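# Pasting the sequence and the predicted model now:
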Protein chains: 2
Amino acid sequence: MADGEGREIGAGHGEEGPAATRPAGRGAGRSIRAVQFGLGPIGQACVRELVGRAGVELVGGIDVDPEKAGRDLGEVCGLDRPLGLPVRGDAETALGELRPDVALHTTTSFLPEVAGQLELLLGAGVSVASSTEELFWPWDRDAAFCERIDAAARRGGAAVVGTGVNPGFAMDVLPLSLTGVCTRVERIVVTRTVDAGRRRLPLRRKVGAGLTEDAFAARRSAGGFGHIGLEESARALAAGLGWPVDRLEETFGPVLAERRAETPGLDVEAGRVAGIHQTVRVESRGRERLVLDLKMYVGAEGSEDRIEIDGTPPLTVRAEGGIFGDTATVAALVNAIPLVLAAPPGLRTMLDLPVPRAFGT
Amino acid sequence: MADGEGREIGAGHGEEGPAATRPAGRGAGRSIRAVQFGLGPIGQACVRELVGRAGVELVGGIDVDPEKAGRDLGEVCGLDRPLGLPVRGDAETALGELRPDVALHTTTSFLPEVAGQLELLLGAGVSVASSTEELFWPWDRDAAFCERIDAAARRGGAAVVGTGVNPGFAMDVLPLSLTGVCTRVERIVVTRTVDAGRRRLPLRRKVGAGLTEDAFAARRSAGGFGHIGLEESARALAAGLGWPVDRLEETFGPVLAERRAETPGLDVEAGRVAGIHQTVRVESRGRERLVLDLKMYVGAEGSEDRIEIDGTPPLTVRAEGGIFGDTATVAALVNAIPLVLAAPPGLRTMLDLPVPRAFGT
């Protein structure tokens, strides 16, 4: 990173100054070259955000789906104009040609499936902000994966971080930051209530909306169902506070629809599954100190994020109506670009990086 | 900073891992040696917090007040037991003998008065978390001061940051962090309403409680009156968002008491000044984009912190009852210890450091 630059008026200052107020370390002094890796609904939304964002040049999109590869990136992402960039299915060749500084990585939720993708990106010297939920706090889940990815990042001189609205902010980074004004923290209760009827179709599917109870149970046994990352949020929060996790208990069950609800592309009959209620409780030093309680179902009333800190001073903080997840996840990814570019090479978490902030807005 | 440490169970991981989850760079592997510099009400409260805090050893207190120097630090700070540490009036000698890693610096609000104090601390290699409001965002106010302090810090291998609840969190760092989940930010309105009757006596004096309107006007003309740092909060928020400050307007006036109010050590008659209403508005790129509105007066009802972001998604976040400032400022200072110790040497701001968090709680 540049040193002794002195002050930039209206921007940052000095070595490792406010990361997001400078064009960032790698890629400084010109537009950041960004590539979108993964073109599902979140990836497509990222592309729509990156187009025209000040300080960023979208140089391409990568997806292995043969129905997308070769088509124009703008068309695939629902833009009303072509971008003149064909979707690339050949990631390695594409990275060599496009020479991006950073990738927004939005493929799957789970570590084993993204290891090769991340190694490819980091090996090409491309820093990564990823929506992979398990990557938000990966060390407790798979230390070998982390050593491998961290080494690849350092070799490539790049940094990688997992982020999003949840995990990534609403139930972990935001409550953690609030404890910064507490002299004592006894217990934290975070509740997030989301009306899944207002969210994107894949999220409604992910929470089982419309299923019978039996089908829900079967899907649950098969794994990879429900909200991913609640345990990661809890472990990050505990680690941030220096609280050893003596016991972590996760409960997970369906919320049944009391009445029929229609949502775009998916209707929920009364008595069918409307969504999920998922809770993680953490015991530390002999008592329960963290409760993360997440309800995501079609028809949920009173959507909000609520953080209660039993501490000194006590704090009750509410985001009225809740932080709207589809947009917020895209925002968290795009806004992580300057932060991850300014971070030292390696596998990072949002707890390592400076306070998040919007950029280019 | 140590590299290649691998993972510490339940703590941080790797180089520059989560700062507050490790005992910090300088001073790692043993208790952090902390000194309290300035023993006014906030400094005394810091001492009471530092005593017995896990991971920190309070090694002394420094104050130039001849009525404090020589007395036991515990007695001066209202502890029910002596600490066996005499308050030191001779800062330079004391620092040489006590060899602290970090100082909590709580003397005055203004840059010119703290320059020598900070140089002394930083020159002794002591990192500093300071309550000096103007230090929260000092570059716009006094670049020469900043160059001087930054140079002293780098020479000493120490870092210095200004923090507190406000400026430092409620009206700047917290709203900024919320923008991290926004793709667009059009305008931010932050309101903080504080019942000064519940706050410490010096704060009630600072907001003019009990004065006549004429005395308030006279005090105001003399300067250094009212809340210090609202402009700093606004400039930090603007810089964090990359918004040029085209115009900044501060308004400041008394709030008059509608009825008589009694508070410990200070009564307010009806018609006298109950406190202040202070507002900063920032125009950027041709329109008003930031409003910071602060009311601090005896008898204020509806104490709260409220952040409204006109953006995508829109956000309304409220801290019910408000973030109680006396405790929160002490917390912000104490909790900054691991962050400032892990920071690269130099003059830093809270926008450079990782997400704040409680530690040793």
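Done, it's in.

# rest of the way, CA atoms for contacts and neighbours
OK.

# which residues touch A:Ala236?
A:Ala236 makes contact with A:137, A:172, A:351, according to C-alpha atoms under 8 Å, 6 or more residues apart in numbering or on different chains.

# The second one and chain B: what is the separation?
What that stands for is A:Asp172. To chain B, A:Asp172 is 11 Å away according to C-alpha to the nearest C-alpha, to the nearest Å.

# Among the contacts of A:Ala236, which lie within helices?
Among the contacts of A:Ala236, no member falls in helices (DSSP state H).

# most surrounded residue in these?
A:Leu351 (30 neighbours; other C-alpha atoms under 10 Å in any protein chain shown).

# Run a quick check on that residue versus A:Val173, I expect a contact.
Yes - using C-alpha atoms under 8 Å, A:Leu351 is in contact with A:Val173, at 7.1 Å.

# Quick check: neighbours shared by those two?
B:Val355.

# what's the burial count for A:Asp63?
Per other C-alpha under 10 Å, the neighbour tally for A:Asp63 reads 22.

# Run through the residues that contact it.
A:Asp63 neighbours (C-alpha under 8 Å, 6+ apart): A:37-39, A:69, A:87-89, A:91.

# on that earlier part again, nearest to B:Glu231, out of the contacts of A:Ala236: which one, please.
A:Leu351 (27.9 Å; C-alpha to C-alpha).

# which ones are touching the closest residue to A:Glu75 other than its chain neighbours?
Nearest residue to A:Glu75, sequence neighbours excluded (C-alpha to C-alpha, 6 or more residues apart in numbering or on different chains): A:Pro82, at 5.8 Å. Contact partners of A:Pro82, counting by C-alpha under 8 Å, 6+ apart, are A:72-75.

# Can I get the longest helix along chain A in PDB, CA atoms only?
Ordering each helix of chain A by length in residues (DSSP H) puts helix A:325-342 first. Provided in PDB are the C-alpha atoms of helix A:325-342 (Å, rounded to 0.1, in the frame of the first residue of the first chain):
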ATOM      1  CA  GLY A 325     -32.100  -8.800   2.600                       C
ATOM      2  CA  ASP A 326     -32.100  -9.200  -1.200                       C
ATOM      3  CA  THR A 327     -30.800  -5.600  -1.700                       C
ATOM      4  CA  ALA A 328     -28.700  -5.600   1.400                       C
ATOM      5  CA  THR A 329     -26.700  -8.700   0.500                       C
ATOM      6  CA  VAL A 330     -25.900  -7.200  -2.900                       C
ATOM      7  CA  ALA A 331     -24.900  -4.000  -1.200                       C
ATOM      8  CA  ALA A 332     -22.700  -5.800   1.400                       C
ATOM      9  CA  LEU A 333     -20.900  -7.600  -1.500                       C
ATOM     10  CA  VAL A 334     -20.400  -4.500  -3.600                       C
ATOM     11  CA  ASN A 335     -19.400  -2.300  -0.700                       C
ATOM     12  CA  ALA A 336     -16.800  -4.900   0.400                       C
ATOM     13  CA  ILE A 337     -14.800  -4.300  -2.700                       C
ATOM     14  CA  PRO A 338     -12.700  -1.400  -1.500                       C
ATOM     15  CA  LEU A 339     -12.300  -3.000   1.900                       C
ATOM     16  CA  VAL A 340     -11.100  -6.400   0.600                       C
ATOM     17  CA  LEU A 341      -8.800  -4.700  -1.900                       C
ATOM     18  CA  ALA A 342      -7.200  -2.700   1.000                       C
END
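
# Does it reach chain B?
Yes - legend: contact between helix A:325-342 and chain B by C-alpha under 8 Å from any C-alpha of the partner chain is shown at A:327-332, A:334-335.

# helices and strands around that helix, which ones?
helix A:41-50, strand A:102-105, strand A:127-130, strand A:159-162 (3 or more C-alpha pairs under 8 Å, 6 or more residues apart in numbering or on different chains; DSSP states H and E).

# can you tell which of the ones you listed is closest to chain B?
helix A:41-50 (7.4 Å; C-alpha to the nearest C-alpha).

# Next SSE downstream of the closest one?
strand A:56-62 (DSSP states H and E).

# Read off the pLDDT value for A:Gly70.
Per-residue pLDDT puts A:Gly70 at 96.

# Give me the phi and psi angles of it.
phi 90, psi -30 (degrees, to the nearest 10).

# Please report how far it lies from chain B.
28 Å.

# And A:Pro66, by the same measure?
The value you get for A:Pro66 to chain B, if C-alpha to the nearest C-alpha is used, is 30 Å.

# Same list, the helices and strands packed on helix A:325-342, but as JSON lines with mean neighbour count, mean pLDDT and distance to chain B please.
Shown next, in JSON lines, are the helices and strands packed on helix A:325-342 (neighbours: other C-alpha atoms under 10 Å in any protein chain shown; pLDDT from 0 to 100; distance: least, C-alpha to the nearest C-alpha, whole Å):
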{"stretch": "helix A:41-50", "mean neighbour count": "22", "mean pLDDT": "97", "distance to chain B": "7"}
{"stretch": "strand A:102-105", "mean neighbour count": "28", "mean pLDDT": "98", "distance to chain B": "14"}
{"stretch": "strand A:127-130", "mean neighbour count": "30", "mean pLDDT": "98", "distance to chain B": "13"}
{"stretch": "strand A:159-162", "mean neighbour count": "29", "mean pLDDT": "98", "distance to chain B": "12"}
